[in-house]
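Asks: fold the following for me, if possible:
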Amino acid sequence: MVLPSLAVVFGLALLVWSADRFVEGAAATAQHLGMPPLLIGMVIIGFGTSAPEMVVSAFAALQGNPGLALGNAYGSNITNIALILGLTAIISPIAVHSGVLRKELPILTAVTAFALIMLLDGELTRLDAWVYLLVFCTLIGWSIWEGLRERFDAFGVEVTQELQAHRMPLSRALLWLAVGLVFLILSSRLLVWGAVEIAHAAGVSDLIIGLTIVAVGTSLPELASAIIAARKGEHDLALGNVIGSNMFNTLAVVGIAGAIHPMPVPPEVVSRDMLVMGLLTLSLFVFGYGFRGPGRINRLEGLLLSIAYVGYTGYLVSTVFGP
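Replies: Numbering: from 1, shown residues only. Got it, this is the predicted structure:
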């Protein structure tokens, strides 16, 4: 099991590096093409931070490992909210100033509920997958309209600051975009192979591997960017990355995997994993929306989210090593 373990470690490291290059290149290229900063934050960065999950789940579906594909998508959403925003809020409470993000929080909650309802029959059919992708395209259309309409949103201001801090010529941006994409594909194939081999050798389901090791690994770019953004006081950017990533994971990542390879959905995915994801998403909406003023995720709420992640992960581990 040494070679598969090395493949997972090296694959994750390369995945994080390539995802960072891909996002930087894509955002800088979009800026050179004249795309508004808010639109870059809502669409380009959201897509870029979900690129690892998208490629990993697509390869998992192609290789006939549906558990890994679903576990990666839903495990990443749980990790994004409970671990990433939890730790970020403990380090620096997250104040939500962006009007656009306040609109996206209830949308993300509704999308999560919709995804749960669609899988209650225990199957992700190709029709389900295409419905996911249709809803996703509709939301992208709304994001583009909102990004073009709202010129002075706080989220857009923070994206502008980041773009100015990482300015690069178009040639370099295109180079990083291409290099990042190539290594995303290579590292994802390596990671999927290693994860599947470890699961088979250890007698663990690929769903559990996807929910834990792979989910945390593909979420590392969001973790790094969220903590850095929060330390800079760019709270809307930290939250926006997670909201965008979760929207892409729930609809596009699962939709692409299902369109490639329709798959059965184990009962525990709905009753355990999607339920936890739904409750965490609802908590994020309650904490961040700000019903009586600006939204804010304080340190106590961040601690509660982190405890929820530890408890959920501990339960998953107990199902593997328990009696």
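Asks: what's the burial count for the residue lying closest to residue 202 once chain neighbours are set aside?
Replies: Nearest residue to residue 202 in three dimensions, chain neighbours excluded: residue 1, at 7.4 Å (CB to CB, 6 or more residues apart in numbering). C-beta coordinates here come from the backbone N, C-alpha and C atoms, glycine included. Here the number of neighbours of residue 1 (other CB atoms under 10 Å) works out to 11.
Asks: now do residue 1, the pLDDT please.
Replies: On the pLDDT scale, residue 1 is placed at 74.
Asks: that one contacts residue 198, doesn't it?
Replies: Yes: here residue 1 reaches residue 198: they are 6.2 Å apart, a contact under CB atoms under 8 Å.
Asks: hey, what's in contact with both of these two?
Replies: Here residue 1 and residue 198 have no joint contacts, going by CB atoms under 8 Å, 6 or more residues apart in numbering.
Asks: re earlier: list the contacts of the residue nearest to residue 202.
Replies: 197-198, 201-202.
Asks: filter those residues to the buried ones?
Replies: Buried members of those, counted by 16 or more other CB atoms under 10 Å: 197-198.
Asks: other SSEs contacting the longest helix seen in the chain?
Replies: Counting residues, the longest helix found in the chain (DSSP state H) is helix 170-202. When contacts are defined as 3 or more CB pairs under 8 Å, 6 or more residues apart in numbering; DSSP states H and E, helix 170-202 packs onto helix 2-32, helix 45-62, helix 66-78, helix 206-209.
Asks: which parts of the longest one are buried?
Replies: Yep, that's helix 2-32 we're talking about. Quick answer for helix 2-32 (16+ other CB under 10 Å): 4, 7-8, 11-12, 14-31.
Asks: just to revisit the earlier point, off-centre distance for the longest helix of the chain?
Replies: Relative to the chain's own centre, helix 170-202 is displaced by 16 Å; criterion: CA atoms, centre = their mean, to the nearest Å.
Asks: report the mean per-residue pLDDT for it.
Replies: For helix 170-202, mean pLDDT rounds to 86.
Asks: what residues sit buried inside it?
Replies: In helix 170-202, counting by 16+ other CB under 10 Å, buried: 173-174, 176-177, 180-181, 183-184, 187-199.
Asks: my read: residue 105 touches residue 291, true?
Replies: No: the pair residue 105 / residue 291 is not scored as a contact, 11.1 Å apart, by CB under 8 Å.
Asks: who has more neighbours, those two?
Replies: Of the pair residue 105 and residue 291, residue 105 is the one with more neighbours under other CB under 10 Å, namely 21 against 6.
Asks: what residue, apart from its backbone neighbours, is nearest that one spatially?
Replies: residue 285 (4.7 Å).
Asks: how about residue 190?
Replies: Closest residue in space to residue 190, ignoring its immediate chain neighbours: residue 11 at 3.8 Å, by CB to CB, 6+ apart.
Asks: low-confidence bits of this protein, can you list those?
Replies: 150-151, 292-293, 322-323 (pLDDT under 70).
Asks: give me the most central residue, it.
Replies: Centroid-nearest residue in the chain: residue 245, 3.6 Å away (criterion: CA atoms, centre = their mean).
Asks: OK, contacts around that one?
Replies: Going by CB under 8 Å, 6+ apart, residue 245 touches 46, 49-50, 53, 76-77, 80, 219, 222.
Asks: mind checking the SS state of it?
Replies: Assigned by DSSP: H, G, I helix; E, B strand; the rest coil, the conformation of residue 245 is helix.
Asks: picking up where we left off before, distance of the residue nearest to residue 105 relative to residue 108?
Replies: 7 Å (CB to CB, to the nearest Å).
Asks: cool, and residue 95?
Replies: Distance, residue 95 to residue 108, by CB to CB: 19 Å.
Asks: between those two, who's got more neighbours?
Replies: residue 108 (23 against 19).
Asks: and the helix or strand in which residue 134 is found, what's buried?
Replies: Per DSSP states H and E: residue 134 is located in helix 126-149. In terms of neighbour count (16+ other CB under 10 Å), helix 126-149 has its buried residues at 128-129, 131-133, 135-136, 139-140, 143, 146-147.
Asks: make CSV out of the residues you listed and add distance to residue 321.
Replies: Output for the buried residues of helix 126-149, formatted as CSV (distance: CB to CB, whole Å):
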residue, distance to residue 321
128, 33
129, 34
131, 38
132, 34
133, 38
135, 38
136, 37
139, 40
140, 42
143, 43
146, 46
147, 47
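Asks: neighbours of the closest residue in space to residue 249 that isn't next to it in sequence, how many?
Replies: Closest residue to residue 249 apart from its sequence neighbours, by CB to CB, 6+ apart: residue 73 at 4.7 Å. By other CB under 10 Å, 33 other residues sit near residue 73.
Asks: please consider this matter closed, and thank you.
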